[in-house]
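[1] here you go, sequence then predicted model.
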Amino acid sequence: MATIIAVTSCATGIAHTYMAAEQLERTAKKLGHSIKVETQGAMGVENECTENDIRDAQYVILATGIPVFGMDRFKDMRTIEVNVQDAIRDPEGVFRRLLEGGTARAGHG
Amino acid sequence: MAKSIRFKFPVNVGLHARPASMLQDLAGLYLSEFTFINERNGRKADPKSIVQLISSDTKKDDLCVMEIKGDDEETALGAFEKLITSGLHKCNEEDSEPVVRPALDSVVIPRAIASKEVTYQKGKSAVRGIAFGKAFVVTAGGAGSDKPPLFSKDVGLEWRLINEAVSAVTNRLKTDLASSKSEVESKITKAHLSIISDPVFNDKIRGFIKRDSLTAYHAVKKTGAYFAETLQASENIYLRERALDLMALSERILDAIYGTKEETRGISLSEPSIIIAKNLPPSVVISLRGKNLTGIVLEDGGITSHTIILARSFGIPTVVNLSEAGRTIENGAEIILDGTRGLVIEKPDQKVKGFYLAELRKEEEKMNAMEKFVHITPTTKDGKVIEVGANISTSEEAESAFRQGALGIGLFRTEMLFVNRRYLPTEDEQFEAYVKVAKAAGARPVIIRTLDAGGDKPIPSLTLPTEENPFLGYRAVRIYGDHKELIRTQLRAILRASAFGNIKIMFPMISCVEEVRDLKTLISKIKSELTRQGIPYKEDIETGIMIEIPATAFIIDELSSEVDFFSIGTNDLAQYFLAVDRNNKKVGHLYNTIHPSFLRFLKKIVEEIHNCGKWVGLCGEMGGSIKQLPLLIGLGLDEISVQPNMPPLIKKYIASVSRADCETLFEEAAAKPDIKGVDSILTQFEYDLKRGDIITKELIKIGSTARTKEEAIRELVDILDMSGRLEDAGEVEDAIWRRENVHPTGIGFGMAIPHCKSSSVKQSSIALIKFKEPIEWKSFDGQQVNMAFLFAVDAAGYEKDHLKTLARFARGLMSEEFRGRLASAEHEDRLVDVIREFAN
């Protein structure tokens, strides 16, 4: 059971951003992980990851098509960057790659 | 003893045809000699010659002098002063020439024709619309080797030729004028008549013949060139384009001399055709109208010439500025003219034809959509009926106003019968004009306003004094006392006409009850007279007054005992109320009909009038402002009278709002402390009104026969376009493709969600089509697509909740259950329900 935070964002920001978020949330639940997904879309930043969220998290998933705001929040954390499309069509694959690879944050599992 | 006056030329576009004819008309009324001098460039002109005036190249703010010498120089000077201070300003406010549209260089080329196989040329859009037809190329130049020599040995012959030609063309122009079907045509023909009868123009031609022994052909050519050159050298685009008219007239004269060599004469089109020429005289457009002329392509670039004005008023799509068109487009070839984007497409294939046929269909549907509002009774959503009338200045406008669904004439301005003429109109002349409108109206009411002259509406046939402050001076009813014969004649004519329809009389500029009583006494006298003479009239004819002078607002009670109705003239009322001359550049910005104080004032007026049980309409320009319309509806007016082409739009608006909402809006607006406050709630109201459901049955199509992604996207865009949710379908389609090219929007599961954000989207929407046959979409899972959803979002991002709905919908698509329900729903209603259930 991992604690994960994610950020999704996409060019137009009205569909894929949220579909990716939905897929990540569903899959996390299915696989028994806890996840908080921040969306950066046409409505702006929603469900923003707070300092606490970041402190408690072990992994970061960045599913983006465009540069993400506040990238430096996640430095030194075990991160995986994927395409929004990947998050939508193969979310399980994303989790697998995350848990197998990803840069780890010093001091965390 | 001569008189002279120095002034700054006030017309924005310079001394072009319209102000020139005003000067010419004025000069023609007096015996004195006039000389116009432009101090900036030293040019002199005889105002009796419109051509000389135009050639003076007078620009706005040029210092000019008008010298007047003669027996009636005093009166002439007075009249001229009035013309400068108020008459010429009319040219600035009224749209006498069409607005020059900025070059549409950033036109989006539709995908359907952006491919390599399609040959098209891009010019400038002059008249919007799509035309199909065979190219009819008019060869330029005409009489090549047949041109007559420069010099003639027989001056007598040339003289005869020119006289005959000028006389023939003049007669033809007169015939055109008599049979002209529209005011636009008349204006142009009149302008040509004016040039051809101009003494300076004629003298120049004859000078070349007599003095220089030139042949008539060259004399005309040189004369045309001489004046055209002066005009073309002007920095003013309007003057430059007038040169085209001059050249056109010259060609016409040449044609009259040399018969059939003129290539544009005697054209007859045997099948729907698009004419391609260097330029066309207006006469050709007139003669070919409705006779297979579907479109026009001109090599020359002007877009304000009379030919274009005519084409626009006849709805003939036109593209200009295609300098090689005549040489590169094959005569007889099938072409498509896209007047909206300025394109001419040669040898269109099925795809392109299909695209434009669809465009044509869309245009027709849009026009039909407005059609259905033309004849409805304007009723608000909560059942309140508001009359929508038209304001007209001439009897000719009446018919067209009724065709556009006007329920009555809220204001018939009678000044046009009196201006620009030497003598006052006779009783019979007036009677005929009034009867014409009454008959066109049938049972509908026609409110005729008695003469409102003086101030900014000078009447040459009346010697009205020059005033310091005409706006607060001797005008309208105030002059009736000194001009008894004038008002008597007008009232007699109106009363006689009242036997033929539902006519009502209205008096302008009333400030006190006494004025009304005097006029009613006069009407009584006239009625007795007519009865004695056995002339029929409407006994119980209604009388009313304009509310323009603020003082009337507080004597409504007293006035109600004297009159049957009131009409609010917001233009003048607001000016007097706010102490602003809206035409004064320095203070014009203070004129604003949504000033909260003015709104409270209007409320008082309408309430008082209704308390006295009388009818109140509004005939000022405020009625034509869609943004302010809800305020007028909330105000509780019985009628709103607008420009003759606006009724369908106003009716449509009335049907889209509830009176209760408008009343609430009005109360809020009137309570605001400043104009900005009022403006912001009007903007919000407008926005809330436009906002509809994100998806409706109309936006869903099941069983689409689209076979490619392109066709599918086209169809989705069209669905939104037809429901009025898009500003520019082309831009939206483009935005969708830009997104699509980043990464195909197939999400698997047989679905695709093309989407875009664009300022051309008026309301965020979802459109949906289910295909009969699955389509290739290049989805990641390699599967084809059965269903495509278009998400179109308005770029302004006003609609946060629509975005939320879309986001929720997008998330929902990740659920197998939801997808299943969408796939299995077989009817549009069911689909809307499924989507709404989910989204809410």
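    Received it, and whenever you're ready, just let me know what you need.

[2] when you work out contacts or count neighbours from here on, use the C-alpha atoms and nothing else.
    Will do.

[3] how about chain A: which residue is closest to chain B?
    A:M19 (4.8 Å; CA to the nearest CA).

[4] give me the spatial nearest neighbour of that residue, chain neighbours excluded.
    Among residues not flanking A:M19 along the chain, B:R811 sits closest, at 4.8 Å (CA to CA, 6 or more residues apart in numbering or on different chains).

[5] do B:G692 as well
    B:Q763 (7.3 Å).

[6] pretty sure that neighbour contacts B:D794?
    Yes. B:Q763 is within contact range of B:D794, at 5.8 Å (criterion: CA atoms under 8 Å).

[7] quickly check: the host helix or strand of B:I769 near chain A or not.
    B:I769 is part of strand B:765-775 when elements are defined by DSSP states H and E. No. Against chain A, strand B:765-775 shows no contacts by CA under 8 Å from any CA of the partner chain, the least distance being 11.8 Å.

[8] which helices and strands does that strand pack with?
    strand B:700-704, helix B:709-722, strand B:785-794 (3 or more CA pairs under 8 Å, 6 or more residues apart in numbering or on different chains; DSSP states H and E).

[9] list the buried ones in stretch B:13-27?
    In terms of neighbour count (16 or more other CA atoms under 10 Å in any protein chain shown), stretch B:13-27 has its buried residues at B:13-27.

[10] and of those residues, the nearest to B:A398?
    Of all the buried residues of stretch B:13-27, the one with the least separation from B:A398 (CA to CA) is B:R18, at 24.0 Å.

[11] and the longest helix seen in chain A, which residues are buried?
    The residue-count maximum for a helix in chain A (DSSP state H) belongs to helix A:16-31. Neighbour-count burial for helix A:16-31, counted by 16+ other CA under 10 Å, picks out A:16-28.

[12] which ones are touching the residue of chain B found nearest chain A?
    Of all residues in chain B, the one sitting closest to chain A is B:R811 (4.8 Å; CA to the nearest CA). If a contact means CA atoms under 8 Å, 6 or more residues apart in numbering or on different chains, then B:R811 has A:15, A:18-19, A:21-23 as its contacts.

[13] for those, give me JSON lines that also has distance to B:N163 and pLDDT.
    Compiled in JSON lines, the contacts of B:R811 are given as follows (distance: CA to CA, whole Å; pLDDT from 0 to 100):
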{"residue": "A:A15", "distance to B:N163": "76", "pLDDT": "88"}
{"residue": "A:Y18", "distance to B:N163": "81", "pLDDT": "92"}
{"residue": "A:M19", "distance to B:N163": "82", "pLDDT": "93"}
{"residue": "A:A21", "distance to B:N163": "86", "pLDDT": "95"}
{"residue": "A:E22", "distance to B:N163": "87", "pLDDT": "94"}
{"residue": "A:Q23", "distance to B:N163": "88", "pLDDT": "95"}
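
[14] so which of those residues is the closest to B:D176?
    The nearest one, if we look at these relative to B:D176 and count by CA to CA, is A:A15, at 61.6 Å.

[15] doesn't B:L803 make contact with that closest one?
    No. With contact defined as CA under 8 Å, A:A15 and B:L803 do not form a contacting pair (9.4 Å).

[16] do you know how far the residue nearest the centre of chain A is from A:L62?
    Nearest to the mean C-alpha position of chain A, by CA atoms, centre = their mean, lies A:A6 at 1.9 Å. Separation of A:A6 from A:L62 (CA to CA, to the nearest Å): 6 Å.

[17] nearest spatial neighbour of B:V137, skipping sequence neighbours?
    B:I276 (4.7 Å).

[18] ugh, typo on my part, it should be B:S180
    Spatial nearest neighbour of B:S180, excluding adjacent residues (CA to CA, 6+ apart): B:S186 at 6.0 Å.

[19] B:A401 now?
    Spatial nearest neighbour of B:A401, excluding adjacent residues (CA to CA, 6+ apart): B:P644 at 4.7 Å.

[20] how many neighbours does B:S498 have?
    24 (other CA atoms under 10 Å in any protein chain shown).

[21] thought it was touching B:I541?
    Yes. The pair B:S498 / B:I541 is scored as a contact, 7.4 Å apart, by CA under 8 Å.

[22] quick check: neighbours shared by the two?
    Common neighbours of B:S498 and B:I541 (CA under 8 Å, 6+ apart) are B:K504.

[23] can you show me the helices along chain A?
    So, for chain A - with DSSP H - the helices run A:16-31, A:51-56, A:84-89, A:91-100.

[24] tell me which other helices or strands the first one touches.
    Put plainly, it is helix A:16-31. On a contact count with 3+ CA pairs under 8 Å, 6+ apart, helix A:16-31 meets strand A:3-9, strand A:34-41, helix A:84-89, helix A:91-100, helix B:800-812.
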